[in-house]
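Undergrad: Curious how this folds, go ahead:
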Amino acid sequence: MEPFVRALAAFLILSIPLVLALDEHKSSVNGSSIMWTNALDVDDLQSRSANEGIHSTDEEIDGGFNSLDSMLQWAIEHSDPDTLKGAAHASQSLNDTELKARQSAIVELMESMRMPSDADLMKIAIADLQNSSSSFEDRQRALQELLELVEPIYNSNDLHKLGGLVVVVNELNRAEKELRILAAWVLGKASQNNELVQNQLLELNVLPTLMGMVRSSCTEEAVKALYALSAVIRNHPVGQEQFYLLDGTSLLKDLMKDTTSDTRLHRKCLFLVADLAEQQSEFSEVLSKYDPNKDYLMAVVNLLDAEDFDTKEKALMAIHSLTGSSDIAYHLLKHECHIKSVLHRLELQLDAVIQSTNDSDSVKDFLLLCQKIRSMFSNGEEGRSNQ
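TA: Sure thing, here's the model as predicted:
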């Protein structure tokens, strides 16, 4: 047991009779005489604690008491009867004012030992970010704490109410790239699959800032910004329309065409391309006017020649989504990007890999998807509509 918990237990054990005496005094009829707790009261309390099955938990041992009652019950269970009886007799020498003072001391002690809630921790972190005199280390620590705290959706929902979204968005403009990276990471985690936070961030006009960060020469900053950007607009037609209006497809095209880009950027781009295509198909009345152009589609097709298998697979999945997104995308892929010949070449490569390795199940699945997509173009519109 921690030293402070030992001290707490000792204090409570000696204070139990005093609190009980005050409680008896409050319930007396005329208030002129104090009904002091006697040794029998203490025995009754210990018996009641045992009969009610009161027991300490790991949380209570750590000091995480939920209330004054639970703290007193814990102290009773862990007390020595003789000590309690002695304290009960000693309490008879205290007057009403002294009893109230001792009770207040217990309450204050309990408050000082109370474990802070997630909301408390979020408020502390937000206050550090709001404080213009906070050091780099304080801001970094605050963002790291928020990164963990916003993971549960009930915490991320409260972030804006507490003033957290505004200050984290402001951190995106910091001179220190470490703070910008952390801030983007926090926003991405908070908005992931959370329409409420997505709406709030769109109202704060966060997209232009994130899109600028995606073009950063710092790979980690670009990766985290693209992660946040994808999280803010994923499955969100209004956010995606804003993205299109900001020429977001040119951003993705440039990243995919850049052969020096980190593979993580390529994969995240392809993931976002697939999501945009699926949303365009589902919400055609809003997004149909944002059909992709040939250069955009060619950037996706060219990543089928990437060296790593994961990028190839994500490119193929993006093409599958694009094929069903609109007639324009389908015809551009077929007639301008010559997707059938590209897929045929890929099939031959995959066949060779299957022949040369024992662990070929994942490659076979990849090959089946490749054949499925090629059939969509080989069989014309009928083949496309049947997929």
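Undergrad: which SS class is residue 175?
TA: Here residue 175 is recorded as coil under DSSP: H, G, I helix; E, B strand; the rest coil.
Undergrad: Show me which positions of stretch 147-155 end up buried.
TA: Within stretch 147-155, the residues that count as buried by 16 or more other Cβ atoms under 10 Å are 147, 149, 150, 155. Where C-beta positions appear, they are placed from N, C-alpha and C, glycine not excepted.
Undergrad: Repeat that for stretch 193-210.
TA: Buried residues in stretch 193-210 (16+ other Cβ under 10 Å): 194, 197, 198, 199, 200, 201, 202, 204, 206, 207, 209, 210.
Undergrad: Also stretch 338-350?
TA: 339, 340, 342, 343, 346, 350.
Undergrad: what do you get for stretch 225-245?
TA: Across stretch 225-245, burial judged by 16+ other Cβ under 10 Å covers 225-234, 236, 239-244.
Undergrad: what about that stretch, how long is it end to end?
TA: Stretch 225-245 has its terminal residues 18 Å apart, counting by Cα to Cα, to the nearest Å.
Undergrad: Tell me how far it lies from the chain's centre.
TA: From the chain centre to the centre of stretch 225-245 is a distance of 18 Å (Cα atoms, centre = their mean, to the nearest Å).
Undergrad: Where does pLDDT dip in the stretch 251-387 of the chain?
TA: 359, 380-387 (pLDDT under 70).
Undergrad: Would you mind pulling up the elements that the host helix or strand of residue 108 packs against?
TA: Assessed by DSSP states H and E, residue 108 sits inside helix 96-113. Helices and strands touching helix 96-113, as assessed by 3 or more Cβ pairs under 8 Å, 6 or more residues apart in numbering; DSSP states H and E, comprise helix 3-27, helix 68-77.
Undergrad: rank these by mean pLDDT and give me the bottom one.
TA: Note on these: helix 3-27 shows the lowest mean pLDDT, a mean of 51.
Undergrad: Residue 357 versus the residue lying closest to residue 336 once chain neighbours are set aside, what's the distance?
TA: Closest residue to residue 336 apart from its sequence neighbours, by Cβ to Cβ, 6 or more residues apart in numbering: residue 294 at 4.8 Å. In this structure, residue 294 and residue 357 are 35 Å apart, going by Cβ to Cβ, to the nearest Å.
Undergrad: Which of the two has more residues huddled nearby?
TA: Counted by other Cβ atoms under 10 Å, residue 294 and residue 357 do not tie: residue 294 has more neighbours, with 13 against 9.
Undergrad: show me what contacts that one?
TA: Applying Cβ atoms under 8 Å, 6 or more residues apart in numbering, we find residue 294 in contact with 332, 336, 337.
Undergrad: Dump the residues you listed into a markdown table; add distance to residue 305 as well.
TA: Below are the contacts of residue 294 laid out as a markdown table (distance: Cβ to Cβ, whole Å):
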| residue | distance to residue 305 |
| --- | --- |
| 332 | 19 |
| 336 | 17 |
| 337 | 13 |
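Undergrad: Helices along the stretch 51-200 of the chain, start to end?
TA: Ranges of helices within the stretch 51-200 of the chain are 58-61, 68-77, 81-90, 96-113, 118-130, 136-149, 153-159, 164-171, 177-191, 195-203, based on DSSP state H, counting those that start in this stretch.
Undergrad: Just say which of these is most tucked in.
TA: Stretch with highest mean neighbour count among these: helix 177-191 (a mean of 24; mean count of other Cβ atoms under 10 Å).
Undergrad: That one to helix 118-130, inter-axis angle?
TA: Angle of helix 177-191 versus helix 118-130, following axes from the mean of the first three to the mean of the last three Cα atoms, to 10 degrees, is 150 degrees.
Undergrad: now for helix 177-191, which elements pack on it?
TA: So helix 177-191, by 3+ Cβ pairs under 8 Å, 6+ apart, packs with helix 136-149, helix 153-159, helix 164-171, helix 195-203, helix 207-214, helix 219-233.
Undergrad: Give me the contact list for it.
TA: Defining contact as Cβ under 8 Å, 6+ apart, one finds that helix 177-191 is touched by 136, 139-140, 143-144, 146-147, 150-151, 156, 159, 165, 168-169, 171-174, 197-198, 201, 206, 210, 213, 216, 218, 220-221, 224-225, 227-228, 230-232.
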